[in-house]
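Student: would you be able to build a 3D model of this:
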Amino acid sequence: MIRRHELTDQEWELLAPLIPRAATGRPRVSDRQVINGMVYKIRTGISWRDLPERYGPWQTVYTRFRRYALDGVFTHALQQIQASADAAGDIDWLVQIDSTIVRAHQHAAATGRKRGINRPDEPDDHALGRSRGGLTAKIHLACDGRGRPLAILLTPGQRHDSTCALPLPRPTISVDSQWTALSCMTRYPSPRRSGPAH
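Tutor: The predicted structure is shown next:
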């Protein structure tokens, strides 16, 4: 029985070959069960400890989530699924980019003065920046023409959307690029309205 926040059989068929399998060791909790636990946690926003027991021990789901994230399993899976969808002509390359700003918690970065010494600005890889709203991060989302997400990029809050899109002569997918969808974006001219400008 497929529940609300779980992968369908069709989605699992696409994802299953891209998930690493353990060759040795003790018997693992089912990969599909653990992936469904990850999806449930992300879609509902609950804490790891509150994960329902049907997904296995929360520590197992968290450990695999962290391992897959650090090893680039999710990025590789997204790139492979996008490449196969592009080869089938299923991606509409009229790319749309939008972003939202998220305010960081006051203790997110050790900025400010301590004992009269100025600390340097937050490094770019932390994706925290100063903007009018204070310490913020910006989440950029690129979608294809059908509204399906292609890439998510996290930058400091003061970064503009246009700096994240690399204009290229034609849209192509580069599977070995870290940000597949961002490297294949093309900025299309927007349709002009006829009539006088106001």
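
Student: Arg43 and Arg26: what is the separation?
Tutor: Arg43 sits 29 Å away from Arg26, taking C-beta to C-beta, to the nearest Å as the criterion. C-beta here means a position set from N, CA and C on the backbone, and glycine is covered the same way.

Student: and what of Trp58?
Tutor: Taking C-beta to C-beta, one finds Trp58 at 18 Å from Arg26.

Student: who's more crowded, Arg43 and Arg26?
Tutor: Set Arg43 next to Arg26 and count neighbours by other C-beta atoms under 10 Å: Arg43 wins out with 11 against 5.

Student: neighbours around the nearest residue to Pro57 once chain neighbours are set aside, how many?
Tutor: Using C-beta to C-beta, 6 or more residues apart in numbering and skipping residues adjacent in sequence, the residue nearest Pro57 is Val29, 7.4 Å away. Burial measure for Val29: 14 neighbouring residues, criterion other C-beta under 10 Å.

Student: likewise Pro17?
Tutor: Counted with other C-beta under 10 Å, Pro17 comes out at 9.

Student: assign it to helix, strand or coil.
Tutor: At Pro17, secondary structure determined by DSSP: H, G, I helix; E, B strand; the rest coil is helix.

Student: distance of it from Leu128?
Tutor: 37 Å.

Student: could you do Ile101 as well?
Tutor: 12 Å.

Student: which intervals of the protein have sub-threshold pLDDT?
Tutor: Within the chain, the ranges that satisfy pLDDT under 70 run 1-2, 108-125, 165-198.

Student: closest to the centroid, which residue in the chain?
Tutor: Centroid-nearest residue in the chain, with C-alpha atoms, centre = their mean: Ile152, separated by 4.0 Å.

Student: so which strand or helix has that one?
Tutor: Using DSSP states H and E, Ile152 sits in strand 149-156.

Student: give me the buried positions along the strand ranked longest in the chain.
Tutor: Longest strand in the chain, counting residues (DSSP state E): strand 134-143. Within strand 134-143, the residues scored as buried using 16 or more other C-beta atoms under 10 Å are Leu135, Thr136, Ala137, Lys138, His140, Leu141, Ala142, Cys143.

Student: could you check how far the fifth one is from Arg32?
Tutor: Read that as His140. Relative to Arg32, and taking C-beta to C-beta, His140 is found at 31 Å.

Student: cool, and the third one?
Tutor: Distance check for Ala137 against Arg32: by C-beta to C-beta, it reads 32 Å.

Student: for Leu128, same thing?
Tutor: Using C-beta to C-beta, Leu128 is found at 36 Å from Arg32.

Student: more neighbours, these two?
Tutor: Leu128 (20 against 15).

Student: that one is in contact with Gln158, isn't it?
Tutor: No. Assessed by C-beta atoms under 8 Å, Leu128 is found out of contact with Gln158, at 10.1 Å.
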